[in-house]
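# Quick one, fold the following:
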Amino acid sequence: MPISPTSLASDDYCVLGLATCFLREDGDFHAVDIIEPIPSAALEAILKQVPTSYQWAIAVRAGEVFQGEEINKPDVFDQSAQFCDDFAERFTAAARTYQVRPQAKEHLAIGEKWDKFNFSLEKKRILNDSKVVKTEDNVKQHSHTHQRL
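Sure thing, here's the model as predicted:
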């Protein structure tokens, strides 16, 4: 996604987090590192030590991540880290939250890496989870439920 006046300026602020998520394969869970934009409200909640799947976060400028049509992974992220689905759209949306709430930028300076989160994998974030509804899941109703008495 190119940066344009209608979307973002190259100096627009955003926070990227490295989240530990899981993929389910053959009944087993495999951890994957995902790069995700963190909106201002989520950042402020995480900084208050709410348990999170984010290992750390870093503040960046849009121009560091987007150069023309290309999305560049900042050097601070390992090669194994993957961008989240719909990264460009989510980055744009998250960056706009910092435009609306500029005081949230005070938590992390550009280039500052923060790793003092309450990192927890107690509630796993499963990326490819799907709900399978079975007949046994149906709730049996009383025979008079749909009758007029």
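
# Please make it C-alpha for all contacts and neighbour counts, starting now.
Noted.

# Please tell me how far residue 120 sits from residue 76.
22 Å (C-alpha to C-alpha, to the nearest Å).

# Name the helix or strand for the residue minimising distance to the centre of the chain, please.
Nearest to the mean C-alpha position of the chain, counting by C-alpha atoms, centre = their mean, stands residue 36 at 4.1 Å. For residue 36, the enclosing helix or strand under DSSP states H and E is strand 28-38.

# And for the next helix or strand after that strand, what's in contact with it?
Proceeding N to C from strand 28-38, the next assigned helix or strand is helix 40-47, under DSSP H and E. Residues outside helix 40-47 that contact it (C-alpha atoms under 8 Å, 6 or more residues apart in numbering): 52, 94, 97-98, 101, 104, 117-118.

# run the last query once more with 6 Å
Defining contact as C-alpha atoms under 6 Å, 6 or more residues apart in numbering, one finds that helix 40-47 is touched by 97-98, 104.

# Which ChimeraX command selects the buried ones in those?
The ChimeraX selection below is limited to those of the contacts of helix 40-47 classed as buried (16 or more other C-alpha atoms under 10 Å):
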select :97,98,104
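
# Show me which of the contacts of helix 40-47 is closest to residue 134.
residue 97 (40.4 Å; C-alpha to C-alpha).

# Okay, the residue nearest to the centre of the chain and residue 22: tell me how far apart.
Distance from residue 36 to residue 22, by C-alpha to C-alpha: 14 Å.
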